[in-house]
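# here are the coordinates; sequence isn't available:
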């Protein structure tokens, strides 16, 4: 054994200098997200964030999420600049439904080999998402793990921490039969259903990322990488004004699994499927994949990014205000007596 | 194409029911970590945690980390119950060095296929770590991603959020030449240097996980999976009492890269290598891998889990109090005039 050369960390596949280099590359992006309450700079062990001084009885709301196999589409297309924004917006929506506004975000990147530029591109998306949501990118970890990830691939996850006053936590407790459900449109798959969608688009339909997506403007990559919408700017003013009784972010599990999370005992949600036209991307996926209707509604958001429960008399005004804020919104159903389930009717 | 059966989410490799089942399996573990300020239960979109009512000007300290390729050893040994504890303790130490006590934790598991019991075993380790550190397991995400991870493998990352009063943030600003450096012993590799260690142990030495580790009690798996220590219970009382001027968690990059993170301008850290015997696991790795000394000190902690800077006259008392708290601690060096670097002398 003595004839073997001595081992080094770099020879074992971990390049600490490359990691330092990547960190330098993202430092300016991270700084661009700082808020007046951000107290730390990149490089300290933990990120420091002051609880806003005007908070009375603050409750922290935190959520961790990943991007799922939407990443696989990014790998195929060689576009790494938007999945970070998907991640931030997903997390922002997840705490918004409890009435919280974002304070800060931390990202995790697991990668087999640090390739110059890729982490920077990834983090640029995270930073853009953070800036757009007034959220500080407080820290993160990029872990180089030889033989954990395929060359050219990575996983991306993130954690958001936001704040809401304790007496303003939105938890659906006020929801009553007779309330209206206002749907706010998604702009595509957001970050859910990609394992099924990829199977249909790439295997069944035999498309490549650069092919035109049927019945859509743009390529397969354009359509499948459309950035998950953040609903902070349009919905937070309505939450602050106390006009929303419950809010569900339509992620994995679709309307069927996510709306029950906010329903109180004795209430169910009935959606009238004739109230909207399911966007063409979902219709193409359903047709080409031969997917059952109920399966579609569990795998995909089917055109609904957020479902807001409001008192029926206020529903038209909420729809109008959301339209004024740039959203497509409509009355998509109502709360009925029931056992915390979802009824899909009218199709 | 019409003869092909219709696709479902499960056929695409994502089993929402299996995910629900796994969530049920961990619910009791999650509940066991709740503190009086935990306001949410598993299943809500975000986790809710009240900022402790007695906080004056609270600063949140947050950190995200992974377990790195220590996971690979867990895969080889089929032991999934301790890496979660590694992760929590690593994160606890990362915010402790800024004076913060943990509030809550969120975990992220990326996995190719949910195998019954594995996620439960993983999360049991996270929950045990949380309980031991008085930290609520507030949320998490388990993402099933077919064709992202090798069968039987997963990645595990986590985010901790803790709190410190603004006027008690520990940042090393008070460090002066003449101060003593007290080393607090690690109990093994903690979570760093595993890519190099695996290369040496499995490739060069040709050992399997069940073989005896040379010069150690226990198998290769026992030695390499020893749980990363949390220093919260032993060090926090000293921090609270204002007896520590700066604290560095010795993680990736070793003493050489981590100690400078807390040094003010004009100061350097001189370690006297004759003040301790490097634990045998590192000596074996160095010898068998033919690794250069400086490379060892950058890849591994070399027996030092934490480095605390204290006023020289107080150093003996700090060592004594740490010993009384169950730690092995010693005066390992001193702060000297310099350019925020680390000098390794005496070997």
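Nice, thanks for sending it over. Keep in mind it's a predicted model, so treat the numbers as computed, not measured.
# all strands for the stretch 51-200 of chain A, in order.
A:58-66, A:101-111, A:136-144, A:154-165, A:180-185 (DSSP state E, counting those that start in this stretch).
# looking at these, which one has the lowest mean pLDDT?
When the strands of the stretch 51-200 of chain A are compared by mean pLDDT, strand A:136-144 comes last with a mean of 92.
# returning to that earlier point: just send the strands of the stretch 51-200 of chain A back as a markdown table, with distance to chain B too.
For the C-beta atoms, the positions are set from N, CA and C on the backbone; glycine is no exception. Shown next, in a markdown table, are those (distance: least, CB to the nearest CB, whole Å):
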| stretch | distance to chain B |
| --- | --- |
| strand A:58-66 | 4 |
| strand A:101-111 | 4 |
| strand A:136-144 | 4 |
| strand A:154-165 | 4 |
| strand A:180-185 | 15 |
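# adding mean neighbour count and distance to residue A:47, write the ones you listed out as JSON lines.
Shown next, in JSON lines, are the strands of the stretch 51-200 of chain A (neighbours: other CB atoms under 10 Å in any protein chain shown; distance: least, CB to CB, whole Å):
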{"stretch": "strand A:58-66", "mean neighbour count": "27", "distance to residue A:47": "14"}
{"stretch": "strand A:101-111", "mean neighbour count": "26", "distance to residue A:47": "7"}
{"stretch": "strand A:136-144", "mean neighbour count": "25", "distance to residue A:47": "3"}
{"stretch": "strand A:154-165", "mean neighbour count": "26", "distance to residue A:47": "10"}
{"stretch": "strand A:180-185", "mean neighbour count": "24", "distance to residue A:47": "31"}
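# okay, the ones you listed in TSV with distance to residue B:227 next?
Output for those, formatted as TSV (distance: least, CB to CB, whole Å):
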stretch	distance to residue B:227
strand A:58-66	22
strand A:101-111	21
strand A:136-144	19
strand A:154-165	23
strand A:180-185	46
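# ok, the residue in the stretch 1-150 of chain A that chain B sits nearest to - how many residues close by?
Nearest to chain B, among the residues of the stretch 1-150 of chain A, is residue A:6, at 3.3 Å (CB to the nearest CB). Using other CB atoms under 10 Å in any protein chain shown, residue A:6 has 11 neighbouring residues.
# which strand or helix spans it?
Under the criterion of DSSP states H and E, residue A:6 resides outside all helices and strands.
# mind checking the backbone torsions on it?
With angles defined as degrees, to the nearest 10, residue A:6 sits at phi -60, psi 140.
# repeat for the one 5 residues further on
In this entry, residue A:11 is assigned phi and psi values of phi -70, psi -30 (degrees, to the nearest 10).
# tally of neighbours for it?
16.
# what do you get for residue A:268?
18.
# now do the same for it: helix, strand or coil?
Secondary structure, DSSP: H, G, I helix; E, B strand; the rest coil: residue A:268 is strand.
# give me the pLDDT for the nearest residue in space to it that is not next to it in sequence.
Spatial nearest neighbour of residue A:268, chain neighbours left out: residue A:338 (2.4 Å); criterion: CB to CB, 6 or more residues apart in numbering or on different chains. As summarised for this prediction, residue A:338 has a pLDDT of 97.
# so residue A:338 touches residue A:267, yeah?
Yes: with contacts defined as CB atoms under 8 Å, residue A:338 counts as touching residue A:267 at a distance of 6.2 Å.
# higher neighbour count, these two?
residue A:267 (23 against 17).
# please tell me how far that one sits from residue B:343.
Going from residue A:267 to residue B:343 by CB to CB, to the nearest Å gives 68 Å.
# look up phi and psi at residue A:209.
Dihedral angles of residue A:209 (phi, psi; degrees, to the nearest 10) stand at phi -60, psi -30.
# so it sits against residue A:221, correct?
Yes: with contact defined as CB under 8 Å, residue A:209 reaches residue A:221; the gap is 4.1 Å.
# overlap in contacts of those two?
A:73, A:76, A:77 (CB atoms under 8 Å, 6 or more residues apart in numbering or on different chains).
# most neighbours, which of the residues you listed?
Among the shared contacts of residue A:209 and residue A:221, the one with the most neighbours (other CB under 10 Å) is residue A:73, at 23 neighbours.
# nearest residue to it in space, ignoring adjacent ones along the chain?
residue A:224 (4.7 Å).
# pLDDT score assigned to that neighbour?
The score at residue A:224 is 98. That number is its pLDDT.
# please apply the same query to residue A:3.
Confidence score, pLDDT, at residue A:3: 59.
# mind listing the helices for chain A?
Shown for chain A, the helices assigned by DSSP state H span residues A:16-31, A:70-77, A:83-96, A:118-132, A:194-198, A:220-224, A:232-240, A:254-258, A:280-289, A:293-299, A:315-324.
# residues in contact with residue A:303?
Here residue A:303 is in contact with A:183, A:185, A:186, A:276, A:277, A:278, A:279, A:282 (criterion: CB under 8 Å, 6+ apart).
# the last one - how many residues pack around it?
Counted with other CB under 10 Å, residues neighbouring residue A:282 total 22.
# tally of neighbours for the spatially closest residue to residue A:335 that is not a sequence neighbour?
Using CB to CB, 6+ apart and skipping the chain neighbours, the partner closest in space to residue A:335 is residue A:179 (4.2 Å). Around residue A:179 there are 23 other residues, counting by other CB under 10 Å.
# distance of residue A:179 from residue A:246?
On the measure of CB to CB, residue A:179 and residue A:246 end up 8 Å apart.
# what's the answer for residue A:122, then?
34 Å.
# chain B contacts on the stretch 201-347 of chain A?
Residues of the stretch 201-347 of chain A lying close to chain B (CB under 8 Å from any CB of the partner chain) are A:204, A:248-249, A:252-253, A:257, A:261, A:288-292, A:295, A:298-299.
# and those, which is closest to chain B?
residue A:290 (3.3 Å).
# quick one, phi/psi of that closest one?
phi 60, psi 40.
# phi, psi of the residue nearest to residue A:335?
Residue torsions, per degrees, to the nearest 10, at residue A:179 are phi -60, psi 150.
# quick check, pLDDT for it.
98.
# contacting residues around it?
A:245, A:309, A:310, A:311, A:312, A:334, A:335.
# what sits against the third one?
So the one you mean is residue A:310. So residue A:310 contacts A:179, A:180, A:182, A:243, A:244, A:245, A:318 (CB under 8 Å, 6+ apart).
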